[in-house]
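S.K.: what follows is a predicted structure for the sequence shown.
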Amino acid sequence: VQLQASGGGLVQAGGSLRLSCAASGRSFSTYAMGWFRQAQGKEREFVASITWNGRSSRYTDSVRDRFIISRDNAKNTVYLQMNNLKPEDTAVYYCAAGPSYLSFQYDYWGQGTQVTVSS
C-alpha cells in the first residue's frame, strides 16, 4: 500500500483543515488507518485511528472533540477533519496503514503534510 497525504497548510488558531490520505494498491479496505504527527524537536505521536470498516475510532486526548477521522473505502481515502485548531497542533501529519486501530504499530506510512497554526 502506498499512501499520499495532502491538505496541510497555514491556518489561524480556531480555524479548520481537512487532511486527506489517498492509498494506492490493493487491500486498502482491509487495513486500519491512523494519523500521527511530529512537531519540530519532538517525537512522533499518535493522533487518531479508525477500523477497516470505519465503525470504530479513537483519539489522543488532546484532539478528542476537535478532530474527526473518517474513511471512504470506495475512494481508498482516509480523512482527518481538524476543527478549532490550536498553535500546539502545528506539526507534520502522517497517515499510516496497519492491522489494528488499537495498535501503534503500522506497516505503511505516507510522506507527511505540514500543518501550521498561527496564534
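M.R.: Structure received. Numbers count the residues shown, from 1 in each chain.

S.K.: dump the helix or strand harbouring Ala96 to PDB, keeping only the CA atoms.
M.R.: Using DSSP states H and E, Ala96 maps to strand 91-98. Only the C-alpha atoms of strand 91-98 are listed here, as PDB (Å, rounded to 0.1, in the frame of the first residue of the first chain):
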ATOM      1  CA  ALA A  91       3.300  19.500  13.100                       C
ATOM      2  CA  VAL A  92       3.900  17.400  10.200                       C
ATOM      3  CA  TYR A  93       1.000  15.000   9.900                       C
ATOM      4  CA  TYR A  94       1.400  11.400   8.600                       C
ATOM      5  CA  CYS A  95      -1.100   8.800   7.700                       C
ATOM      6  CA  ALA A  96      -0.400   5.100   8.200                       C
ATOM      7  CA  ALA A  97      -1.900   1.700   7.400                       C
ATOM      8  CA  GLY A  98      -1.800  -1.300   9.700                       C
END
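
S.K.: please name the nearest non-neighbouring residue to Tyr93.
M.R.: Nearest non-adjacent residue to Tyr93, counting by Cβ to Cβ, 6 or more residues apart in numbering: Arg37, 4.8 Å away. The C-beta positions use only the backbone N, C-alpha and C, and glycine is treated the same way.

S.K.: just Ser57 next, same as before
M.R.: Per Cβ to Cβ, 6+ apart, closest to Ser57 is Ile50, 4.4 Å.

S.K.: who's in contact with that neighbour?
M.R.: Going by Cβ atoms under 8 Å, 6 or more residues apart in numbering, Ile50 touches 32-34, 56-57, 69-71, 78, 101.

S.K.: go on, Gly110?
M.R.: Neighbouring residues of Gly110 by Cβ under 8 Å, 6+ apart: 3-5, 21, 94-96.

S.K.: if I look at the residue minimising distance to the centre of the chain, how far off is Val63?
M.R.: Geometric centre of the chain, nearest residue: Trp35, 2.8 Å, by Cα atoms, centre = their mean. Look at Trp35 and Val63: by Cβ to Cβ, to the nearest Å, they are 9 Å apart.

S.K.: need the residues touching each of those two.
M.R.: Joint contacts of Trp35 and Val63 (Cβ under 8 Å, 6+ apart) are 47-48.
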